[in-house]
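1. what follows is a predicted protein model with its sequence.
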Amino acid sequence: MTYMPSRRRGELGKIFNDGEVIVQQGDVGEQMFVVQAGKVEVVLESKDTQERVSVLESRDFFGEMALFDKELRSATVRALGEARVLTIDKRTLLKRISEDPLLAYNLLRAMSSRVRDLNNQVSAGRNRTP
Amino acid sequence: MSGLGQWTLGARRSIRHLAADPSPDSDATLSDGSRVAVIGGGPAGSFFAYFLLRLAHTIDLDISVDIYEPRHFTHCGPAGCNHCGGIVSESLVQMLATEGINLPPSVVQRGIYSYVLHMDAGSVEIESPVEEQRIAAIYRGNGPRTAVDMPWESFDGYLQQICEKEGAQLVHQLVVGLERNGDFPVVITNEGTTTYDLVAVACGVNSNFHMLLDGSTSEGKPEVSRTFITEFKLGADAILETLGDSMHVFLLDIPRLEFAALIPKGDYVTLAMLGEEIDDDLVRRFLDSPEVRAAFPADSIPAVCACAPVINVKGPERPFGERVVLVGDAGITRLYKDGIGAAYRTGKAAAETAIVHGISTDDFETHYFPTCRAIANDNMFGRLIFFFTIAVRKSKFVRKAVLRMTAGEQRRPKGRHMSGVLWNMFTGSAPYRDVFFNALRPGFLLGLAKSLAAGVRPPQKES
Ligand SMILES: Cc1cc2nc3c(=O)[nH]c(=O)nc-3n(C[C@H](O)[C@H](O)[C@H](O)COP(=O)(O)OP(=O)(O)OC[C@H]3O[C@@H](n4cnc5c(N)ncnc54)[C@H](O)[C@@H]3O)c2cc1C
């Protein structure tokens, strides 16, 4: 990954330029990310197509599946315009969750809303097919 | 300094009254319409209020929260500031982001990328292990005395704003007494008295309020030590040339000085000194030392603001009682490091206990106390580590070995044992326990032994 630390005065995290890949589908994931500023797009890649599944903004997180399993990244995430992103270490987070299980509630809430979105997309897709 | 020192004996008596708690109501819980008071709107008070309200919304519980805070964080200088080095640790930045609290660039004066350790034997830079700016240098108030019309926001003020967004009421009054009316705590200000269902005491250790807490909620009150902070006006360009985006830490053989750091902010540099009863003489000796002069020409830069706050070095035995809970510095905090992180942990744990379990002594004992105990137990490892750093400070031979080992590690991407230990210790990101056990790992011990051995070889073999 070619990231650079922000190195701009008050900006935490790393800056990614438009189109730059933050997470590559199929890679091994160890970290979670929180968008600090700008937007990123989540893209499902197959052999010769790319489908954008969602656009995330400040305070949204992605890559959280890496916390739960050792599976490969399930989608590609890249910057949509300039985006600033903070990396969350798995160990730091798991340690904190063991002290404060309710912290995981935030993750569950986001994941459940994603499942809901997916359901909607699936049912919308089903309605479209003749 | 803070204008909070207006206690009367009457107030002392009234606060002691809480100790004689006649009938602990072990079923006490918050319900619709419950009123909660928070005494002190620093980080601990704000984190408590914020998570209490957020959790209450989640379960559709309708409560009201009053935060008592006489300070206006929009003021420059000591009047608007809760005096500290202003480092938000790497772990806290990550946890806040996970909570949905992103610190905006208007609050973050500078993202810190590396630490530079200065000793008489030389200096070495330790880079962030993730190549990312994840440590925030902030101002607790609106900056130093001379910082009028600056385009930045106070950290404490920002936290207060997010509490207000969740529905907290800010009451700009000093609390002068805490009494009981039956089982219920009563908050007294010069304007009147109000009865609450629950009171969180988040007054820190820099007003007189905490001194009156002994026996009121449980056993003991915080023990403190005097520190020193000053601000130098250097200008953003000069800061980049001298200090860069690095925090500069000094480990010097100066008696009574435990730790000193220069922290670059926007246009200013904060000097924070911890140790035993820091006085003018000690500050002078530090600033005059060749190591400091080499890093930072303090003589030619105006010091624009200074204060001598105390720091909590040991919390009360049991920081809670019936319908009363102590959070942040007023209760139990981390030794010397990451006090704001401890304010987050204790503030949130107290809020969760109150919403999910209840507000009786038993509830706080069972569900809040473990978080406090974890911090207090970890501080025991902290004391051991600080004991070890005294040995490093006292022995030039060991200092050279530490420097040699760290510098060697920084040239390679892996196996950074000493760097990792120093990083975690200075940044306050990891528990002291982790730092301690990482320093017992074979890789660390072997590296240190090699570096020590390199120091006894004939000098010509050294590069
Ligand atoms: C020299 C020094 C350097 C430090 N550096 C760092 C650092 O870099 N990073 C870090 O994480 N921590 C640092 N700390 C520790 C940190 O400052 C504290 O842990 C933190 O401020 C605790 O937050 P708090 O909310 O408990 O207390 P405080 O920040 O002290 O806030 C207490 C609030 O209560 C209010 N109050 C007091 N009495 C009353 C009353 N009677 N009625 C109403 N309101 C009242 C006060 O006005 C204040 O706003 C440092 C401390 C010192 C002394």
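-> Cool, the structure landed.

2. please name the nearest non-neighbouring residue to the residue most central in space within chain B.
-> Nearest to the mean C-alpha position of chain B, by CA atoms, centre = their mean, lies B:Gly339 at 2.1 Å. Of all residues not flanking B:Gly339 in the chain, B:Thr333 sits nearest, at 5.0 Å (CB to CB, 6 or more residues apart in numbering or on different chains). Just so you know, the C-beta spots here come from the backbone N, C-alpha and C atoms, and that holds for glycine as well.

3. go on, B:Tyr268?
-> Per CB to CB, 6+ apart, closest to B:Tyr268 is B:Glu231, 5.0 Å.

4. give me phi/psi at that neighbour?
-> When read as degrees, to the nearest 10, the backbone of B:Glu231 gives phi -120, psi 130.

5. return the distance of the lengthiest helix in chain B from the chain's centre.
-> Secondary structure of chain B per DSSP state H: the longest helix is helix B:369-394. Offset of helix B:369-394 from its chain centre (CA atoms, centre = their mean, to the nearest Å): 15 Å.

6. before we move on, what about stretch A:14-32?
-> 8 Å.

7. what average pLDDT does that stretch get?
-> Averaged over stretch A:14-32, pLDDT sits at 92.

8. buried stuff in that stretch?
-> A:Lys14, A:Ile15, A:Phe16, A:Glu20, A:Val21, A:Ile22, A:Val23, A:Gln24, A:Gln25, A:Gly29, A:Gln31, A:Met32 (16 or more other CB atoms under 10 Å in any protein chain shown).

9. those residues of chain B touching chain A, which are they?
-> Within chain B, the positions near chain A by CB under 8 Å from any CB of the partner chain are B:55, B:91, B:93-95, B:97-100, B:102-111, B:113, B:128, B:130-134, B:136, B:152, B:236, B:245, B:266, B:345, B:348-349, B:352, B:356, B:371, B:374, B:429, B:431.

10. list only buried entries from those residues.
-> Judged by 16+ other CB under 10 Å, buried ones among the residues of chain B next to chain A: B:55, B:91, B:93-95, B:97-100, B:102-105, B:107-111, B:113, B:128, B:132-134, B:136, B:152, B:245, B:266, B:345, B:348-349, B:352, B:371, B:374, B:429, B:431.

11. in helices, which of these fall?
-> B:55, B:91, B:93-95, B:97-98, B:345, B:348-349, B:352, B:371, B:374.

12. tell me how many other residues crowd whichever residue of the stretch 101-250 of chain B sits closest to the ligand.
-> Residue of the stretch 101-250 of chain B nearest the ligand, by CB to the nearest ligand atom: B:Gly204 (2.2 Å). Using other CB atoms under 10 Å in any protein chain shown, B:Gly204 has 29 neighbouring residues.

13. okay, the nearest residue to it once chain neighbours are set aside and B:Glu365: tell me how far apart.
-> The shortest distance from B:Gly204 to any residue other than its chain neighbours is 4.3 Å, reached at B:Asp329 (CB to CB, 6+ apart). Using CB to CB, to the nearest Å, B:Asp329 is found at 21 Å from B:Glu365.

14. now B:Ala295
-> Counting by CB to CB, the gap from B:Ala295 to B:Glu365 is 48 Å.

15. returning to that earlier point: which element is the residue of the stretch 101-250 of chain B closest to the ligand on?
-> Counting by DSSP states H and E, no helix or strand carries B:Gly204.
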